[in-house]
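Peer 1: Structure for the following, please:
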Amino acid sequence: MVTLFEDAKFLDFGSSAHLLPEPAPRTKRIEGARAAALRAQVRLCAPRMPGVYGMLDRDDQLIYVGKAKNLRVRLLSYFRKKGRPPKAGRIIAHARSILWEVVPSEFASLLRELELIRRWRPRFNLQGQPLRRRLTFLCLGRAPAPYLFLSRKLTSRVQAAFGPITMGRTAVEATRRLNDWFKLRECPQPIEMIFPDQGELFPGIRPAGCLRLEIGTCIGPCTGTCERADYHAQAQKACDFLSGADLTALTQMQEEMQAASAAQEFERAAVLRDRLDVLQWLADRLARVRKAQREMSFIYPVAGHDGSTTWHLIHGARTVGVLGEPHDEATRQAAREMLDSIYGKRTGLLDSYEHADSMMVVMQWFRKHPRERKKCLSAQDF
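Peer 2: Residues are numbered from 1 along each chain as shown. Modelled structure (predicted):
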């Protein structure tokens, strides 16, 4: 009897937005009750080509997805007890089937791996991140007194978002330091924000909800003494800093640190140095992302192992489409129409924030292979 919540068995990776359709199937599946049986079939069947692979457990559930420049070499590494990571040993201990899919190039394998992890969420893939790190956005939002916070998901309450950046202690510290510098609130949502222009029935000064007003790191929108325009002006200054439009905050911190050091106030100078370090880290990361979003819009032609060439359409540092290299007038006309629909847009580059991981894949690929940029084509010249 089939129960209502029974897990469906995994059958295939499914279609791809990053691979051209092919008449013949690209996948191969092997099975074995023991690791030795799987290893023998990998040696016999696995090709020396780039691709992606998946490990399935005894219940035919996909437990891990990976990529490989050489499928045969990568899969055989799971069976070498000496030198393999502990995680690889745990994965192969649970595996009863291995499924792989040949793709045209190493770059295509990176995109396909990310696509499959998003789609299937295998439990052995760390948080769905092939890059083994969590990405987040620095957001400004949550009315009536917006403040800065980190979030992976953007809702309608977010007024502005910057990034992506790597989630970690430095990002958390930078967010806290920015709220302090621009005197934005950090208190929990249930605390009521009140501005003088709201017209209370019984107006009056309320006690501050925390000590930040007393120590000068918040202008106190919870006390009823802070004008709405003044608070939103501070929030706008924070946005200008994060967008790179106004980085005078870093210069001011540098000057204050040097003045404290000259006055032999070394403890204060050390505090300012630590604050400057984390905010400089944040400014550098955001500048790198902005540069990639601004400059990485081109056609990236990649030759496959079969001799064919695939055009990866990269816009705003995201891979947004794939196209076979045109070879006659009909395919050139179809390519021109597709390129116009993608690169003709002047706005909307950052409207799909779920592509944060894809941006990191593209940026990391061209940072690792800088010579590949010389192969890229301009969409405007086609």
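Peer 1: Please, where are all the strands along the stretch 51-200 of the chain?
Peer 2: Secondary structure of the stretch 51-200 of the chain by DSSP state E, counting those that start in this stretch: the strands cover 51-56, 62-68, 97-102, 135-141, 147-151, 158-166.
Peer 1: So if we follow the domain assignment, how does the protein break up?
Peer 2: Structurally, the chain divides into domains by automatic domain parsing as follows: 27-128, 135-246, 296-381.
Peer 1: Those: which one's closest to residue 9?
Peer 2: For residue 9, the closest of the domains of the chain is domain 27-128, at 3.9 Å, according to Cβ to Cβ. Placement of C-beta: from N, CA and C, glycine included.
Peer 1: Buried residues, stretch 143-162. List them.
Peer 2: Of the residues in stretch 143-162, 145, 146, 147, 148, 149, 150, 151, 152, 158, 160, 161, 162 count as buried by neighbour count, 16 or more other Cβ atoms under 10 Å.
Peer 1: And for stretch 179-189?
Peer 2: Buried residues in stretch 179-189, counting neighbours by 16+ other Cβ under 10 Å, are found at 179, 180, 181, 182, 183, 184, 185, 187.
Peer 1: Just to check, the fifth one is in contact with residue 215?
Peer 2: No. Taking Cβ atoms under 8 Å as the definition, residue 183 is not a contact partner of residue 215, at 10.7 Å.
Peer 1: for the stretch 101-250 of the chain, which spans come out with low pLDDT?
Peer 2: 127-133, 189, 198-205 (pLDDT under 70).
Peer 1: quick one: the helices in it?
Peer 2: Assigned by DSSP state H, counting those that start in this stretch, the stretch 101-250 of the chain shows helices spanning 106-120, 169-181, 228-242, 248-262.
Peer 1: Which SSE is immediately downstream of the last one?
Peer 2: From helix 248-262 onward toward the C-terminus, using DSSP states H and E, the following helix or strand is helix 266-295.
Peer 1: Just the buried positions in that following helix, please.
Peer 2: Neighbour-count burial for helix 266-295, counted by 16+ other Cβ under 10 Å, picks out 269, 272, 275-276, 278-279, 282-283, 285-286, 289-290, 292-293.
Peer 1: of all the helices of the stretch 101-250 of the chain, which gets the most neighbours per residue?
Peer 2: Of all the helices of the stretch 101-250 of the chain, helix 106-120 has the most neighbours on average by mean count of other Cβ atoms under 10 Å, namely a mean of 22.
Peer 1: chain center to that one, what's the gap?
Peer 2: 14 Å (Cα atoms, centre = their mean, to the nearest Å).
Peer 1: That one vs strand 51-56, what angle?
Peer 2: Here helix 106-120 runs at 30 degrees with respect to strand 51-56, directions being taken by axes from the mean of the first three to the mean of the last three Cα atoms, to 10 degrees.
Peer 1: what's next to helix 106-120, contact-wise?
Peer 2: Helix 106-120 is contacted by residues 10, 13-14, 16-19, 50-52, 54, 62, 65-69, 101, 103, 125, 128-130, 300, 302, 304, 310, 312, 319, 357-358, 361, 365 when judged by Cβ atoms under 8 Å, 6 or more residues apart in numbering.
Peer 1: Roughly how far does residue 238 sit from residue 287?
Peer 2: 16 Å (Cβ to Cβ, to the nearest Å).
Peer 1: what about stretch 342-357, how long is it end to end?
Peer 2: End-to-end distance of stretch 342-357: 20 Å, with Cα to Cα, to the nearest Å as the criterion.
Peer 1: again, but for stretch 115-134
Peer 2: One end of stretch 115-134 sits 16 Å from the other (Cα to Cα).
Peer 1: cool, and stretch 165-172?
Peer 2: End to end - Cα to Cα - stretch 165-172 spans 11 Å.
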